[in-house]
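S.K.: What shape does this take:
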Amino acid sequence: MEKNLPAGAPPKWLGSRGEELKNIVSLLGEGFVKCQANLYNAETNPDGCINLGTAENRLVFELLKKQINKLNVHWEDYMFTYNDMSGRPDLKKAVAQFFTNQTKSPSPVDPSKMCVFNGGGPCIEALIFAICDPGDGVMVATPYYGGINYDVQARARAKVIPVHFYSKLEAGQTKPFQISIAKMESAYQENVKKGVKIRAVFFMNPNNPLGDVCTKQEVLDLLNFCHRHSLHLIMNEVYMNTIFKEGVEHHSVLSLKPEEIPDPQRVHFVWSASKDLAMSGMRFGVLHSWNQDILDCAVMSANFHTIPVFVQTLMQQLLSDRDWLRDVFFPENNKRLLEAHNAIKDALDAIGLPYLDRPSGLYIYVDFRKFMSSITPEAELALFHRFIKEGIYLAPSQAFFSDECGWFRIVFSRPLIETKLAMDRLGKVCKQLLEEKSNVASGGDAEATNTLLGEVDHLTVAEGSTLENLLSQLKTGIQNSDWLKTNTADQWKDENPEAYKAYMENFK
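M.R.: Predicted coordinates:
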């Protein structure tokens with residue numbers, strides 16, 4: 001019996017850190033788990049949930065299986081023993097050559113400047129442990145890959161500092177959500193004044209969830225911003241080989257000349273096989289840094305994140321076949337990604353959904369705002385759950401820590417038959433949403449009508465009343481009132497949270 005517990009109280013199994021880890025909430029994780037519990041299968045579960053929320057490429061599995069099955073990988077004695085925790089030398093040599101070729105590095109990438117981990121996330125966490133104390137800040141432009149919060153905060157206990165960008169163009173921008181160094185500078189100064197110690201900037205190029213690819217000048221601007229403030233730049237380039245539109249060039253930090261990098265000791269590169277090679281289950285990630293102290297710390301973290309030697313040998317042989325990668329895999333992968341991207345665009349156009357037409361990635365960022373009852377986090381979450389209920393998992397903007405609601409990331413790198421079925425389901429849901437929105441708006445302006453529930457406080461609503469009955473009462477009330485002129489939707493929502501919650505349940 002545990003001491004100091006009230007009689008009948010359950011035992012306390014976890015320490016404070018355990019409680020924190022157990023209670024971490026991830027919308028990407030929630031969507032994945034709910035989808036897996038009722039996963040679509042054409043034969044055994046045709047009404048199941050189709051996963052268009054997890055960024056996996058399922059278009060090239062047969063290419064990978066064919067190639068891997070040809071590799072001469074057999075169990076050898078050295079695979080049963082301890083090996084270099086930073087990665088086997090022959091593997092790092094193959095990775096270095098792969099990076100040299102794919103990034104067009106001006107000089108051969110040095111394999112001694114790398115450490116291998118079981119995934120990109122552990123690479124990032126190892127960097128955070130090395131450069132941050134608990135509470136230190138890492139700036140990230142939104143919307144951003146949601147897993148970074150876990151990598152930065154869960155165990156390393158640093159703090160993500162979001163810098164919000166929006167679809168509406170601001171000064172100096174030429175496209176939605178475009179990174180502005182001026183806004184990064186403003187956010188940096190604001191947090192420093194609050195006493196936050198900013199240590200790093202995290203950035204993805206190409207971007208997830210937007211699909212944007214940075215110009216060389218944008219990469220240089222980020223490097224110079226970090227140099228001005230002695231900040232580390234963690235550049236995640238896991239999508240560098242998923243650029244499927246011709247004429248778009250990727251500018252890796254490894255492609256820059258030495259004189260173009262003002263502070264190489266604070267520049268770190270992360271890559272994994274999960275996206276570029278469609279092998280998220282292989283758990284293979286690489287950290288490159290010119291800073292030997294960082295690498296020494298990374299090796300200590302790698303003790304907890306080593307890759308089985310058998311897998312290291314397999315990856316060494318796969319990455320060493322430069323002819324197959326250059327002439328077969330990457331051209332075919334990009335061809336299939338482009339076809340899938342065009343197919344999803346056609347489906348979205350047919351539904352009437354606006355989207356960002358970008359040149360890279362496994363996904364497309366889509367604007368659902370005109371289909372939503374209100375542009376609020378609550379309405380977006382209601383739509384997220386409704387989609388899952390209707391058999392489609394899409395990742396909402398809150399999963400990417402954006403404060404502009406109404407956008408969802410749709411992953412298109414799945415078999416076309418599944419994507420088409422998912423889009424058919426999505427089209428039906430969107431049609432229903434417009435009909436419901438039109439019905440709600442039948443008593444007047446749609447946005448204003450959403451505020452009518454402010455009249456609930458002086459109406460008696462019978463238990464089990466339908467939404468239609470409630471709206472009928474409200475319509476009568478508005479005809480004899482100037483209430484709309486003196487109240488707003490946001491004001492009502494803040495003053496009547498329980499009523500608003502009840503109203504939103506109708507959209508689940």
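
S.K.: Pull out the buried residues from stretch 154-169.
M.R.: Across stretch 154-169, burial judged by 16 or more other Cβ atoms under 10 Å covers 154, 156, 157, 158, 159, 160, 161, 162, 163, 165, 167. C-betas here are computed from N, CA, C, even on glycine.

S.K.: Look at residue 250 and tell me its secondary structure.
M.R.: coil (DSSP: H, G, I helix; E, B strand; the rest coil).

S.K.: Excluding sequence neighbours, find me the nearest residue to it.
M.R.: Residue nearest to residue 250 in three dimensions, not counting chain neighbours: residue 240, with 5.1 Å by Cβ to Cβ, 6 or more residues apart in numbering.

S.K.: Does the one you found touch residue 277 like I think?
M.R.: No. With contact defined as Cβ atoms under 8 Å, residue 240 does not reach residue 277; the gap is 11.3 Å.

S.K.: The residue nearest to residue 250 and residue 208: what is the separation?
M.R.: Using Cβ to Cβ, to the nearest Å, we find residue 240 at a distance of 12 Å from residue 208.

S.K.: For the two, indicate the residue with more neighbours.
M.R.: Neighbours were tallied for residue 240 and for residue 208 using other Cβ atoms under 10 Å; the higher tally belongs to residue 208 (27 against 24).

S.K.: Quick one: distance of stretch 169-178 to the chain centre.
M.R.: 21 Å (Cα atoms, centre = their mean, to the nearest Å).

S.K.: mind listing what the residue nearest in space to the middle of the chain touches?
M.R.: In the chain, the centroid-proximal residue (Cα atoms, centre = their mean) is residue 145; its distance is 2.9 Å. Residues in contact with residue 145 (Cβ atoms under 8 Å, 6 or more residues apart in numbering) are 204, 208, 209, 236, 400.

S.K.: Now do it against residue 275, distance only.
M.R.: Applying Cβ to Cβ to residue 145 and residue 275 gives a distance of 11 Å.

S.K.: re the thing from before, next one: the residue nearest to residue 250, what pLDDT does it get?
M.R.: The confidence metric pLDDT takes the value 98 at residue 240.

S.K.: Backbone torsions only: list them for it.
M.R.: Backbone geometry at residue 240, expressed as degrees, to the nearest 10, gives phi -70, psi -20.

S.K.: Next, please give the residue ranges for the strands of the stretch 201-350 of the chain.
M.R.: 232-236, 267-272, 285-289 (DSSP state E, counting those that start in this stretch).

S.K.: So which of these is nearest residue 66?
M.R.: Closest to residue 66 of the strands of the stretch 201-350 of the chain, according to Cβ to Cβ: strand 267-272, at 22.0 Å.

S.K.: Give me the contacts around the closest one.
M.R.: Contacts of strand 267-272 (Cβ under 8 Å, 6+ apart): 99, 119-120, 123-124, 127, 223, 226, 232-238, 240, 252-254, 261, 284-291, 294.

S.K.: could you give the angle of that strand to strand 285-289?
M.R.: 170 degrees (axes from the mean of the first three to the mean of the last three Cα atoms, to 10 degrees).

S.K.: Is residue 67 part of a helix or strand, or is it coil?
M.R.: Assignment for residue 67 (three-state DSSP): helix.

S.K.: Who are the contact partners of it?
M.R.: Taking Cβ under 8 Å, 6+ apart as the definition, contacts of residue 67 comprise 318, 321, 324, 328, 329.

S.K.: Can you tell me which of these are buried?
M.R.: 318, 321, 329.

S.K.: Go through these and name the one nearest residue 300.
M.R.: Out of those, the member with the shortest distance to residue 300 (by Cβ to Cβ) is residue 318, at 27.7 Å.

S.K.: Quick check: the closest one touching residue 69?
M.R.: No. Between residue 318 and residue 69 there is no contact under Cβ under 8 Å: 11.4 Å.

S.K.: any idea how far stretch 203-215 is from the chain center?
M.R.: 11 Å.

S.K.: What mean pLDDT does that stretch get?
M.R.: pLDDT averaged over stretch 203-215 gives 97.

S.K.: For that stretch, buried residues please.
M.R.: 203, 204, 205, 206, 207, 208, 209, 210, 211, 212, 213, 214.

S.K.: Tabulate those in a markdown table, adding columns for distance to residue 246.
M.R.: Listed next are these as a markdown table, based on distance: Cβ to Cβ, whole Å:
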| residue | distance to residue 246 |
| --- | --- |
| 203 | 25 |
| 204 | 22 |
| 205 | 19 |
| 206 | 15 |
| 207 | 19 |
| 208 | 21 |
| 209 | 23 |
| 210 | 20 |
| 211 | 15 |
| 212 | 17 |
| 213 | 13 |
| 214 | 18 |
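
S.K.: Would you report the backbone torsion angles of residue 163?
M.R.: phi -120, psi 110.

S.K.: so the nearest residue to it once chain neighbours are set aside is in which element?
M.R.: Spatially, and ignoring its direct neighbours in sequence, residue 163 is nearest to residue 187 (4.4 Å; Cβ to Cβ, 6+ apart). Here residue 187 sits within helix 181-193, counting by DSSP states H and E.

S.K.: Other residues contacting that helix?
M.R.: By Cβ under 8 Å, 6+ apart, helix 181-193 touches 137, 139, 141, 161, 163, 165, 170-172, 198, 201, 221-222, 225, 229.
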